[in-house]
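# Got a predicted structure here, sequence first:
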Amino acid sequence: MNLARLTQRIFELDGGHRAFDFGLFEIRSAFQPIYAINNNAGMLYGVEALARPIFKGKPIEPMDFFSRLSSRDRFVADWACLCLHIANTAAWQLGNTSLFVNLNPGSCDYLDQMLTGLDQYADLVREQGVQPAKVVFEITEEEGGDKDALIRITEKLRDLGFQIAIDDFGVGSSDLLRVVDIKPDIVKIDAGWFRHMMEGDDTRRFAHQIILKLHEIRAHLLFEGVETPRELHWARECAGSLIQGGLFGKATHMGEATRASKVAVPDTRHPEKQSA
């Protein structure tokens, strides 16, 4: 993987934003804020970088874009996004705010290139004035994936100083034992999973047992997709310290995503009165 060649395909848009030339497509960055919740206030903790593909001047769904690509082209597109996001991050000077980026599980199929690419990426991050410790790689679990390759990649990330998050915990093939093996810094709890689990007494107790185990491995819990005060109440009930979702901000350009360094937290003492 030659990141120097990829960065040559990044170009500047109006307002300091950058985009990536991917043939017939253009890829842009969007960022969603993540807040650390404490008492009645939320402090900006980080932003998640998201790909926004453009075709003939019109946005298309990211899943539609990536699903059209071969395995190899998807691997290249993922690296293009990683390079683009750090370029956009550096342009806005995040300071102590963390950048969350996505790592496609299919990258394990290109293990050697992935490992050398991460070395180059660590250099690129530092060249852009960002410390690797402020970059969090989100890894989505994949059933039947190469577990040994995944472990090697996570070890490499940790050796380079990056942080690691498990994404979408609770969806599909989520495996608590696999999470324990990886020992992530952060576990992102899927919104649909915790909505379902917290609605019933039995499932609620089961969810609390799982959450307790995640706390035992000293992972910070990030509840994503939080849209209502009721869902915020559930997240706080599970000792979730990090919150992401429409309740506090949707994905947008970097300037807007980082504008509010502090937000007020809605009263969640009476969740039964809140709309679901």
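Okay, I see it.

# Now do the same contact list for residue 132.
122, 125, 126, 160, 161, 162 (C-beta atoms under 8 Å, 6 or more residues apart in numbering). For every residue, glycine as well, the C-beta is placed using N, CA and C.

# quick one, phi psi at the third one?
I take that to be residue 126. For residue 126, the backbone dihedrals (degrees, to the nearest 10) come out as phi -70, psi -40.

# And for it, the neighbour number?
Using other C-beta atoms under 10 Å, residue 126 has 12 neighbouring residues.

# tell me the contacts of it?
Contacts of residue 126 (C-beta under 8 Å, 6+ apart): residue 132.

# And for the second one?
Contacts were defined as C-beta under 8 Å, 6+ apart; by that measure residue 125 touches 86, 131, 132, 135.

# okay if I get those residues as CSV plus distance to residue 252, secondary structure and pLDDT?
Compiled in CSV, those are given as follows (distance: C-beta to C-beta, whole Å; DSSP: H, G, I helix; E, B strand; the rest coil; pLDDT from 0 to 100):
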residue, distance to residue 252, secondary structure, pLDDT
86, 18, helix, 93
131, 24, coil, 91
132, 25, helix, 94
135, 20, strand, 95
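
# Tell me how many other residues crowd residue 134.
18.

# Tell me who's in contact with the residue nearest to it when sequence neighbours are not counted.
Closest residue to residue 134 apart from its sequence neighbours, by C-beta to C-beta, 6 or more residues apart in numbering: residue 98 at 5.0 Å. Residue 98 makes contacts with 34, 45, 46, 47, 134, 135, 136, 163, as judged by C-beta under 8 Å, 6+ apart.

# Might you report the residue contacts of the fifth one?
Translated: residue 134. 94, 96, 97, 98, 99.

# How about the second one?
Contact analysis of residue 45 by C-beta under 8 Å, 6+ apart lists 34, 35, 36, 97, 98, 242.

# Most widely separated two among those?
Maximum pairwise distance among the contacts of residue 45 (C-beta to C-beta): 12.5 Å, between 97 and 242.

# quick one, strands of the stretch 151-276 of the chain?
Per DSSP state E, counting those that start in this stretch, the stretch 151-276 of the chain carries strands over the ranges 163-169, 186-189, 220-223, 242-244, 262-264.

# Out of those strands, the one nearest residue 59 is which?
Closest to residue 59 of these, according to C-beta to C-beta: strand 242-244, at 21.2 Å.

# circling back: from the contacts of residue 125, which would you call buried?
Taking 16 or more other C-beta atoms under 10 Å as the criterion, what is buried in the contacts of residue 125 is 86, 132, 135.

# now these as TSV including distance to residue 246?
Rendered in TSV, the data for those read as follows (distance: C-beta to C-beta, whole Å):
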residue	distance to residue 246
86	25
132	30
135	24
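
# what's the closest of these to residue 71?
Using C-beta to C-beta, the buried ones among the contacts of residue 125 come closest to residue 71 at residue 86, 23.7 Å.

# shouldn't that closest one be in contact with residue 128?
Yes. Taking C-beta atoms under 8 Å as the definition, residue 86 is a contact partner of residue 128 at 5.5 Å.

# Can you add pLDDT and give the contacts of residue 132 back as CSV?
Output for these, formatted as CSV (pLDDT from 0 to 100):
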residue, pLDDT
122, 96
125, 93
126, 93
160, 97
161, 97
162, 97
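
# Need the max-distance pair from those.
Greatest spacing in these, by C-beta to C-beta: 126 and 162 (11.6 Å).
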